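Undergrad: generate a structure from the sequence data that follows.
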Amino acid sequence: MLTALLLTATAALAATGFSGGRRSRAVPVVLPGAAVTLLIAPIALGGGWPTSTLSALAVFTISMLGLALTPPPALVERARSLRLARVLVFLIGLAAGGAGLAGSLATRELTLFTLGGAVGVGLVAALYGLTSRARLLGWLFASLMAQLFVLTAGLVAGLAPVWSAFGVLAVGAALQVFSATLPRLRRPEARREAATVEWSGHAAALIALALAFDSPRHIAALLAAWGAVLGLAATRPGRRPAERRILFWAVVLCEITAWWILMRVAEVALPEAYTLPFAALALLVGVLELRQRTDLSSWVAYGPALLAAFVPTLAIVLATDSSTMRQVLLLLGAVAVLVFGSMTQQQAPVIVGAVVTAIAAVHALFSLGPWLALIPVGFLLLILGASNERRRRAQERLQTALRGMR
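TA: Numbers count the residues shown, from 1 in each chain. Presented below is the predicted three-dimensional model:
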């Protein structure tokens, strides 16, 4: 033990003297000897477990932070031995970290301590690393260890994995918040780092869903929560329009899937309970897109929502003996969409509303009787101000208006 200490001290003095005080040259040379000294110290001094495990964890921490917090030699600099020393330190740190993690699994307390310390090491490297590679590896390591920490903490507390999945999802949400709020990650040159943090959050969400694979209720709750997180992530300043559009549709997919699962679990057989929420969310996305892109066609903005709202119900009305209430509500909804389209000069609501109104009205004439079908038709005529005297001019204006709509 004394020999190892003397060799380590001698190497440290020599590295400091020959490097001119530059830590980037001294640290990689000193760390291998220091790591070996720390690893053999518990055995040499007669200590057993858990001292040996803590020693291995200390070697991992010193090695990884020593590399992350010191700059590597420049590419134009001839420093092959220094680069090899850094690689050696990295390998020693990996080996010591693996041994320390394996030794810490003996008790719950030491396991939690090891995983929590690993999160701290990763965050220090991610926040204060001097190179982009060190920060990227720090974020990846911190996110993985944080997920393992909350999962292990839940198991230690006696929670089922489906409940621990919410802790894993919380880690993913925290990563999304970091990617959106940390000033350094919002700089243009940190785009790769911000993307790494963001995708680590998405990976945490997938792991959370995998943990709750056998519980539909928990999957629905996880999807609903992750949809809310994605909605917040989409509002991050500086995000490109294409990315924001993808995130908005991802929010729609998460929320509507969660709703469908809940309706399925509750054994709801009403088809509109599945179609109308999707139509409402798609309509919200269309309205937001239309505000961002004024040149967007109404078919792109409103088309998916209108088709999702009317086509399934119209098919049910035509193919089955549906209730009177469904047919009346379909007629009224189609008339309302037609009126909205005519007032806002939007082509898609006008055409979809007119077609659905015509088909539903004709069907209602034969199934419900003319008196009930004339209610929404009369309401339409009242709103649009149709009259026999202006029929020809109304047709001409309608054709001109349709060609001028988006």
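Undergrad: ok, Ala85 touching Val27?
TA: No: using Cβ atoms under 8 Å, Ala85 is not in contact with Val27; the gap is 9.1 Å. Placement of C-beta: from N, CA and C, glycine included.
Undergrad: so between the two, which is more surrounded?
TA: Ranked by neighbour count (other Cβ atoms under 10 Å), Ala85 and Val27 place Val27 first, with 24 against 19.
Undergrad: please parse this structure into its domains.
TA: Domain ranges of the chain: 1-72+79-106, 107-268, per automatic domain parsing.
Undergrad: any idea of the mean pLDDT for the longest one?
TA: Just to be clear, that refers to domain 107-268. Across domain 107-268, pLDDT averages out at 88.
Undergrad: kindly check the end-to-end length of that domain for me.
TA: Criterion Cα to Cα, to the nearest Å; first-to-last residue distance in domain 107-268 is 47 Å.
Undergrad: which stretches of the stretch 251-400 of the chain have low pLDDT?
TA: 322, 367-400 (pLDDT under 70).
Undergrad: centroid residue for this protein?
TA: Geometric centre of the chain, nearest residue: His202, 4.1 Å, by Cα atoms, centre = their mean.
Undergrad: spit out the contact partners of that one.
TA: Applying Cβ atoms under 8 Å, 6 or more residues apart in numbering to His202 gives the contacts Gly172.
Undergrad: tell me which element it is part of?
TA: helix 191-211 (DSSP states H and E).
Undergrad: show me the contacts for Gly33.
TA: Applying Cβ under 8 Å, 6+ apart to Gly33 gives the contacts Ala4, Leu7, Thr8, Ala11, Ala12.
Undergrad: which of those residues are buried? Put it as a ChimeraX command.
TA: Buried members of the contacts of Gly33, defined by 16 or more other Cβ atoms under 10 Å, are picked up in ChimeraX with:
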select :4,8,11,12
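Undergrad: want to throw the contacts of Gly33 into CSV with pLDDT, secondary structure and distance to Gly286?
TA: Listed next are these as CSV, based on pLDDT from 0 to 100; DSSP: H, G, I helix; E, B strand; the rest coil; distance: Cβ to Cβ, whole Å:
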residue, pLDDT, secondary structure, distance to Gly286
Ala4, 80, helix, 70
Leu7, 82, helix, 71
Thr8, 79, helix, 67
Ala11, 76, helix, 67
Ala12, 74, helix, 66
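Undergrad: farthest pair within the contacts of Gly33?
TA: Greatest spacing in the contacts of Gly33, by Cβ to Cβ: Ala4 and Ala12 (12.5 Å).
Undergrad: can you classify the residue lying closest to Leu82 once chain neighbours are set aside by secondary structure?
TA: Distances taken as Cβ to Cβ, 6 or more residues apart in numbering put Pro73 closest to Leu82, at 5.2 Å, once the chain neighbours are dropped. Secondary structure state of Pro73, per DSSP: H, G, I helix; E, B strand; the rest coil, is coil.
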